[in-house]
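K.L.:
Sequence first, then the predicted structure:
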Amino acid sequence: MAEGLKEKAEQNYVRLFGENLDLKKELARCREAFQELEDSMAEGSEEAWRIFKEHVRVITVDLDLSPLDPDKIMVDGAIVSPPQPEIDSDLKTRGQRIVESPPQGDVPSSSRVPPQGPDQPTPSSPSAVLTSLPVDPSPGGGDLPSGDADPPLLLPNRAAQTLIPSPSSPFPSSLPDFSVIWDHYPCKSFNCFHRQNPNLGFNPSFDSSKFTTYKTDLDLPISQLFQIAKSTKSVIRLGFDVGGGTGSFAATTKLRNMTVVTTTMRMGVPYSEAVALRGLVPLHVPLQQRLPVFDGVVDLVRCGCAVNRWIPVTMMEFLLFDVDRVLRGGGYLWIDRFFSKGVDLEKLYAPLIGKLGYKKVK
C-alpha cells in the first residue's frame, strides 16, 4: 500500500510541476501581449494627437496647443511638463533618444574645433564648421591630404545611376526617363504618358506656344498679362502656379525673367519630376495645405485646370483665402479655365470668389 501511495504522489508531483511550467509560459506570453498592446495604444495615441494638431492648424495657426499635450501632467492645478528622470547612459527608453559625445581622443579630426588665436573670438555655443579640401577625382580617391582635417564626403543618392543633363531651355525636345523611379506609375516613360494624353504636357516642346498665343476669349497670353500689369503701373516678378502640371506656365515666364513656383500633386503622374527636369521649382503641396510663403509677398497666383468643381467647397474656400493671404496689395489672381455647371458657377462659385473683393480685369 505504501508503494502505491508513493507512486501516486510522484505522479501528482510530476503533474503539478508540468502545470506550473505551463502557467509560467502562459504568464510570459500574457506579459508580452500586454506590452505589445501598451505600445500599440501609445503609438495610436501619438498618431491621433498628431492628426488632431494638423486639423487644428488648418483652422487656426496661432492657437497654443501645448497645454493639451498628452505628456503634460497636473501639479497644484497647473499643467506642467513631467520631471525628467535620470537615465543611465547605457539605457534607451521609449520615446527618448540619447546622444553622447565621443571621448575627446576619439573625435574624428573633421569635427574638432580649430584652436582659437589671440585675435579670434571664442564662440559661445557649438557651431558647424564647413571646410573644402581638394579631393582626388580618380577612382579610389587617392591618398588623403595631409593635416588634421578629413576630406569632404559626398554620398550619392541610392537611386542615382547617371548624371542628369542640365536643360538648355525650359522647353526641351524630350525629358530623360532614367532620372525617374517608375515603380509607382502605370507608364514607364514620359512618351507613354504623352501618347495616352498629349494634353498632360510631358512633351514640353508641344507647350511652347500654349501661353503665348491667343485663340479664344479664354486665352490670356503672357504678353497681354504683362500689358495689364503695366497699365496699372504694377510689376509681376514672383508667382505661384497652383496645380501647374508639368510647369509650362513657369517655363514661359522664366523666359521673361519672372519666377514662378509650380505646385504639384502626385495623382499617379510624375508632375514634380517633369517640372524639376525642366530646371524649374516644383512644390508638392496638396490643396488643403497652406502655401509655404509669408503674407503679401507674391505678385501673381494662377489657378490652373486642377482647381475646378471636383474640389469640395470648404477646401476651395480655404484655398482661395490662402491665395488672398499670400498675394500682395495690387496682386493678380488668375483663375484659368474653371469649369463647372452653369447653375453652380452663378450660385456657388461666383459668390465664393466674389467674397475676396477683387476687381475683374479680364
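P.N.:
In hand now; what should we look at?
K.L.:
Could you look up the SS state of Ala276?
P.N.:
Of the three states, Ala276 takes helix under DSSP: H, G, I helix; E, B strand; the rest coil.
K.L.:
Show me what the lengthiest helix in the chain is packed up against.
P.N.:
Across the chain, the longest stretch assigned as helix under DSSP state H is helix 2-59. Counting contacts by 3 or more CB pairs under 8 Å, 6 or more residues apart in numbering; DSSP states H and E, helix 2-59 packs against no other helix or strand. C-beta here means a position set from N, CA and C on the backbone, and glycine is covered the same way.
K.L.:
Give the rounded mean pLDDT of it.
P.N.:
On average, the pLDDT along helix 2-59 is 78.
K.L.:
same deal with stretch 257-273?
P.N.:
The model assigns stretch 257-273 a mean pLDDT of 88.
K.L.:
try stretch 338-358
P.N.:
On average, stretch 338-358 scores 85.
K.L.:
Could you pull out the strands in the protein for me?
P.N.:
In the chain, strands defined by DSSP state E lie at 73-75, 78-80, 238-242, 259-264, 282-284, 298-303, 327-335, listed in chain order.
K.L.:
Generate CSV for those strands, with mean neighbour count and distance to Pro270 as supplementary columns.
P.N.:
Formatted as CSV, the strands of the chain follow (neighbours: other CB atoms under 10 Å; distance: least, CB to CB, whole Å):
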stretch, mean neighbour count, distance to Pro270
strand 73-75, 10, 48
strand 78-80, 11, 47
strand 238-242, 23, 17
strand 259-264, 24, 9
strand 282-284, 17, 10
strand 298-303, 23, 21
strand 327-335, 16, 25
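K.L.:
Redo the ones you listed as CSV? Include distance to Leu319.
P.N.:
Formatted as CSV, the strands of the chain follow (distance: least, CB to CB, whole Å):
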stretch, distance to Leu319
strand 73-75, 40
strand 78-80, 35
strand 238-242, 7
strand 259-264, 10
strand 282-284, 14
strand 298-303, 8
strand 327-335, 11
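K.L.:
Among those strands, which comes closest to Ile51?
P.N.:
strand 282-284 (19.4 Å; CB to CB).
K.L.:
contact partners of that closest one?
P.N.:
Residues outside strand 282-284 that contact it (CB atoms under 8 Å, 6 or more residues apart in numbering) are 247, 261-266, 271-273, 275-276, 292.
K.L.:
What is the most widely separated pair among these?
P.N.:
The largest distance within the contacts of strand 282-284, taken as CB to CB, falls between Glu273 and Pro292 and amounts to 19.7 Å.
K.L.:
Who has more neighbours out of these two?
P.N.:
Between Glu273 and Pro292, counting by other CB atoms under 10 Å, Glu273 is the more crowded of the two (21 against 10).
K.L.:
looking at it, the more buried one is touching Val180, isn't it?
P.N.:
Yes: counting by CB atoms under 8 Å, Val180 is a contact partner of Glu273 at 4.8 Å.
K.L.:
All the helices of the stretch 201-350 of the chain, residue numbers only.
P.N.:
Per DSSP state H, counting those that start in this stretch, the stretch 201-350 of the chain carries helices over the ranges 222-231, 248-254, 271-277, 313-326, 342-344, 350-354.
K.L.:
Flag whichever of those has the least confidence on average.
P.N.:
helix 342-344 - the lowest mean pLDDT of the helices of the stretch 201-350 of the chain, at a mean of 83.
K.L.:
what's in contact with that one?
P.N.:
Under CB under 8 Å, 6+ apart, the answer for helix 342-344 is Arg309.
K.L.:
likewise stretch 194-212?
P.N.:
Under CB under 8 Å, 6+ apart, the answer for stretch 194-212 is 170-175, 187, 190-191, 193, 220-223, 245-249, 251-252, 269, 274, 278.
K.L.:
cutoff 6 Å now
P.N.:
Here stretch 194-212 makes contact (CB atoms under 6 Å, 6 or more residues apart in numbering) with Phe171, Pro172, Ser173, Phe190, Phe193, Pro221, Ile222, Gly245, Thr246, Ser248, Phe249, Thr252.
K.L.:
And those residues, which is closest to Gly239?
P.N.:
Phe249 (8.5 Å).
K.L.:
can you pull the contacts of the nearest residue to that closest one once chain neighbours are set aside?
P.N.:
Distance criterion CB to CB, 6 or more residues apart in numbering; nearest residue to Phe249, sequence neighbours excluded, is Asp241 at 4.8 Å. For Asp241, the contact set (CB under 6 Å, 6+ apart) comprises Phe249, Ala250, Val260, Thr262, Arg302.
K.L.:
Now with 8 Å, please.
P.N.:
Applying CB under 8 Å, 6+ apart, the residues near Asp241 are Gly247, Phe249, Ala250, Val260, Val261, Thr262, Thr263, Arg302, Gly304.
K.L.:
Could you give the number of residues near the residue nearest to Asp299 when sequence neighbours are not counted?
P.N.:
Residue nearest to Asp299 in three dimensions, not counting chain neighbours: Ile236, with 4.6 Å by CB to CB, 6+ apart. Applying other CB under 10 Å, we find 21 residues neighbouring Ile236.
K.L.:
from what I can see Ile236 touches Phe226, true?
P.N.:
Yes: Ile236 is within contact range of Phe226, at 6.6 Å (criterion: CB under 8 Å).
K.L.:
picking that back up, list only buried entries from the contacts of stretch 194-212.
P.N.:
The neighbour-count criterion (16 or more other CB atoms under 10 Å) marks Phe171, Pro172, Phe190, Phe193, Pro221, Ile222, Gly245, Thr246, Ser248, Phe249, Thr252 among those as buried.
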